[in-house]
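In: return atomic coordinates for the entry below.
(3 chains)
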Amino acid sequence: MGRSPSDLIVFVAKRLVQLVPVLFGVIVLTFFFTHLSVGNICNAWYPHAGQATIRNCLATTNQPILKQFSTYLVTLLQGNWGQSQSGVLVYPYIASAVPATLELVLAALFLMIVVGIPLGVIAAQYSGRWGDHLVRVLYLSGWATPTYLGAVIAAVFIGPYVGLPNHGEYSTLSPPFTQYTHLSVLDALLAGNLPYTIDAISHLILPATVLAFINMGIATRMTRASMLEVLPLDYVRSARMKGLTEFWVMYKHALRNALITTTTVLGVTAGGLLAGTVVVEEVFDWPGIGQYAYTAIGGGGSVPNYDGAIAVVIVFAIAVVLANLIADILYGVLDPRVDWR
Amino acid sequence: MTEPILRVENLSITYTVGAGEFQAVSDVSLEIYPGRVIGIVGETGCGKSTLAQAIPRLMPEPPASIGSGRIIFRGTDLVKVPKRKMPMVRGTGIGMIFQEPLNSLNPAYRVFDQIVEAIQIRHYREIGVVKSFQGGDVPFDYSKRPTTTVGSALTRSIVPGGAAEEAVKDRIRTRSDYRKEVLEYLRLVRINDPETIIDLYPHELSGGMRQRIMIAMALSEKPSLLIADEPTSALDVTIQAQVLTLMKDLIDEVHASILFISHDLGVIAETADEVGVMYAGRIIEYGPVDEVFRSPRHPYTKMLLAAAPRTYKSDGPLRSIPGNVPNLSRPPSGCRFHPRCPIARPICKGDAPPLAPVDPQGPDLTIGPHRSACYFAEEVPGLP
Amino acid sequence: MAIRSSLGTFWRVLRANPLSFFGFLLVAFICLVAVVIVVAPHLLVPYGPQQETGAFSQSPSWKHPFGTDANSFDIYSNTMLALPLDLGIGVVIAGAALLAGGALGLIAGFYDRPGTVGAAASVSIMRITDIFLSFPSLILALAITRALGVGVLPTVFAIGLTWWPFYVRLVRGEVLAVKHLPYVTAARAAGVREGRILLRHVVRNLLEPIIVYFTLDIGTVLVTYSTIGFIGVASKYPGPQPEWGAMLAFYQSSGSINAYPWEVLAPGLAIFVTVLAFSLLGDGLRDILDPRTRRAFVRGTVSHDPPPERAGAAPGSESVPLTASGAVDAGAVP
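Out: All right, here's what the predicted structure looks like:
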């Protein structure tokens, strides 16, 4: 058995190496799928563009597709991810938008964990009874709510009613302190500015809750299923026989083991959360990648942006791959039976 | 005469499965006095494990439910205790060793964490940080337990752990205090290399080792009553013998009150003072181990002893009991053994025979006389 | 025979679980309504998609259950007319993904003997599947739709292109689980041909999980399509063929959302109820088919079954026979 810290480095390194072919595959797929156009690719992406744009576009797309791909790959690796029609560079913009999306997704993930997992435990504990049914209706409602519907209802109806802001990260455009991390709450905290911290948190609540509510079903469902698997096992009975109360039997002994399987759905959750940001960030005017994706795709009648769209697809796929990697590592850490070597 | 630690009176336990139901335990009574080891022996499906799990109310309710009877543990009827208060009785009041050592330890925690948790539960109850059980007529007081329990015997004489515990009695315990105490319990169960074992995970241990740790964990709570539910059955034969030797040594050392459940007559003969033989949910014979095994007074016991492999001599075929264990959803009327019994008469199909002394004129032994639930108990010694 | 016993299972689950029974009734009702709208729209839908009623921005009334919009279109009619499209898209995409992904999954699950052409194909299929599964489907589908050109058909095609990998993984997992079961090995040892084994044993075992997954998936596809509609890359609204996502986007951006909330709530409620119906049905069915929860579902045997092999668990350091573990007394449950 290898479970020493040095083995953990090997464990993580191995998985990082395994990522390389997947990431290459992601880029290949994205590139070729965005070239699928039935007619002229330039017309599909720039339907109302001026002659200059079309000419530029045709200059590259008239080359053989493999040549185009190799050119694209080289420039991508060089950090030159192209630009939008209005000349905004893709890479710097996305890089600056990452923290906002990260903050939103992490906040939603936090809510999913502190609410969704206990709900799964409750559902398993009362399996087949009304507590179970109630939890089930709750998470299936989230499941059945399209992100845009949840976002619009929260932003337009709930937000003003309960007095929570539904627009941006702060109430003012530029806060009076240096934004080191570009995570709104963390920056305000670092500046020691309490009013702005509260302001940032209140801006985060609605979009994060919408994202969490819609994606919570996966966490709850998985927790419930693995708890039902764990609860009949002998060690749960031993824990009960020690004299532990039901609370500790559930949360210290049963859930600790059920979490091992629940972490594996983290990757799936990441996909759902990221896809959700496209609509949630647009509705809540949250300056992240999701909003950028919305615009780059041509959402809401905006001018599509080929370079931006392809970059966003790749970035999202990389994020999902990384989330799966983290879930995989967490699994290895949580389950003492996994050998790290 | 001292009070029994546990007195089970006319206990019946029913399982409801779908539309049908069956009685896994019917009208069972038994008493356990301080320092005594009571064995329960019977075939698979006779209800002995259900009985063992029912005493600390550990069986799943539903589908199981206690139909009637009382479980009086140190003056309190556990049947009347609300389920949410039962944890206070478990561990320090009633400890249990299970059949499956492979799965009885939590795979996510190290040996140390699992035993320390048990020690802490007991410790907090002793110093009164956690509310002790107060139900019934006689409240539990964990600091003033009779000297015959596993707990105090350990503290006072046998285990040096008692000394370690005494030394830190008046200050807050540190992790190393706990570690010392855990190590002592590991040594108590004859683990050779406790310093290594203490930091391992259950999956890194063998089955025999895991069962030793389960025993250490149960003992570390110093229970008034220890229930051992087939503690050796799931182990390899050689390891079985080791664990059994350990159990026997511990029984001698700690003067424990133990309910020992097994399907193995040999194991019961070696460990128990008294034995109850169960068949189809009922105790059909009860008495001192030597007497019951030497001169059984119920045809079932007699045939069970004859069928046991260790009585097998090379001069004849291994015996078996004709017929099958009855289906408990439709048990036979009267004596449940009558369809398989060589000396059954019409009366056996009527009312169930009571568990009555086989020799009413005999001396009234303190440990209870030899009793049999057979109308023709006196004929049994004459059976082939 | 396989189908009949599966249906029997479903019926038992439905009876045992009131929520999924409710979902079942709701799904049946929604499908019926969709069929009526296609066959005889005038029975349920009083107005055409772009028919001017002459009543502008009206509140809900008996004549206009969800009111009218600024163009004097009847919102109820538009919402109802969107049902066959959204539901049909859900069924078509999930069905196509099932067929394509299922076939690939069967291949990938069945041909795994190392060194053969089949194994090489299996490995390639799984690698490609893994890469596809890295994308959030919505994002990839959006990009493909944009490349193909805005519209209903490109969107359907784009979602379909991103959807099949889920079925590859599902089917392959089931095949791998089934093919090493003792009775399948026995059938193989008895000389039954692989094709026959595939049909008789594997497909029979696949049926239940697939139907469950498919049921849930219809809802998920529907949500994805309408989200693309909301973003504005799929359907146009107002138009000859209304669609819920596009409808909601249109009314949300029309700026009168606080004055006329029903404009948004009508399509929103429609999609919520439709997806919830399929989710209730599928989620309840899944309980009995998921090996994790199946045992717990059959009440009364909960603590007396032998412990299952845990997924991902390394084998113990010692192989002590587990035979005694099932021999608890109450294991004699009839």
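In: kindly report the domain assignment for chain B.
Out: Following automatic domain parsing, chain B resolves into domains at B:103-197, B:277-382.
In: which positions in the stretch 201-350 of chain B make contact with chain A?
Out: B:201, B:203, B:204, B:214, B:217, B:221 (CB under 8 Å from any CB of the partner chain). Bear in mind the C-beta positions are built from the backbone N, C-alpha and C, glycine included.
In: with adjacent residues omitted, what lies nearest to whatever residue of the stretch 51-200 of chain B ends up closest to chain A?
Out: As assessed by CB to the nearest CB, chain A sits closest to residue B:91 within the stretch 51-200 of chain B, at 2.8 Å. Take residue B:91 and drop its neighbours on the chain: the residue closest to it by CB to CB, 6 or more residues apart in numbering or on different chains is residue A:243, 2.8 Å away.
In: what number of residues lie near residue B:86?
Out: A count of nearby residues for residue B:86, using other CB atoms under 10 Å in any protein chain shown, gives 21.
In: what do you get for residue A:208?
Out: Residue A:208 - counted by other CB under 10 Å - has 25 other residues nearby.
In: list the contacts for it?
Out: A:104, A:107, A:108, A:110, A:111 (CB atoms under 8 Å, 6 or more residues apart in numbering or on different chains).
In: for residue B:69, helix, strand, or coil?
Out: strand (DSSP: H, G, I helix; E, B strand; the rest coil).
In: these two touch, right, it and residue B:11?
Out: Yes - judged on CB atoms under 8 Å, residue B:69 makes contact with residue B:11 at a distance of 3.5 Å.
In: find residues that contact each of the two.
Out: Contacts common to residue B:69 and residue B:11, judged by CB under 8 Å, 6+ apart, are B:27, B:28, B:29.
In: restricted to buried residues, select those residues in ChimeraX.
Out: Selecting only the buried entries of the shared contacts of residue B:69 and residue B:11 in ChimeraX, with 16 or more other CB atoms under 10 Å in any protein chain shown as the criterion:
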select /B:27,28
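In: any residue of the helix or strand containing residue C:122 touching chain A?
Out: Per DSSP states H and E: residue C:122 is located in helix C:117-133. Yes - judged by CB under 8 Å from any CB, helix C:117-133 comes into contact with chain A through C:127, C:128, C:130, C:131, C:132.
In: distance to chain B and neighbour count added to the residues you listed, as JSON lines?
Out: Formatted as JSON lines, those follow (distance: CB to the nearest CB, whole Å; neighbours: other CB atoms under 10 Å in any protein chain shown):
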{"residue": "C:127", "distance to chain B": "32", "neighbour count": "13"}
{"residue": "C:128", "distance to chain B": "36", "neighbour count": "15"}
{"residue": "C:130", "distance to chain B": "29", "neighbour count": "17"}
{"residue": "C:131", "distance to chain B": "33", "neighbour count": "22"}
{"residue": "C:132", "distance to chain B": "34", "neighbour count": "23"}
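In: of those residues, which is the nearest to residue A:72?
Out: residue C:131 (17.3 Å; CB to CB).
In: leaving out sequence neighbours, find the closest residue to the closest one.
Out: Residue C:131's closest residue in space is residue A:25 (CB to CB, 6+ apart), at 3.6 Å.
In: which residues touch that neighbour?
Out: So residue A:25 contacts C:127, C:128, C:130, C:131, C:134 (CB under 8 Å, 6+ apart).
In: quick one on the thing from earlier: out of the contacts of residue A:208, who's the most crowded?
Out: residue A:104 (29 neighbours).
In: could you give me the buried positions within the longest helix anywhere in chain A?
Out: Looking across chain A with DSSP state H, the single longest helix is helix A:194-230. Across helix A:194-230, burial judged by 16+ other CB under 10 Å covers A:196-197, A:199-200, A:203-230.
In: can you flag which of the contacts of residue A:208 belong to helices?
Out: A:104, A:107, A:108, A:110, A:111.
In: helix or strand next in line after the longest helix of chain A, which one?
Out: helix A:234-241.
In: starting at the chain centroid, how far to that following helix?
Out: Per CA atoms, centre = their mean, to the nearest Å, the displacement of helix A:234-241 from the mean C-alpha position of its chain is 37 Å.
In: wait, does stretch C:93-100 contact chain A?
Out: No - residues of stretch C:93-100 contacting chain A under CB under 8 Å from any CB: none, with a closest distance of 15.3 Å.
In: good, we can wrap up now.
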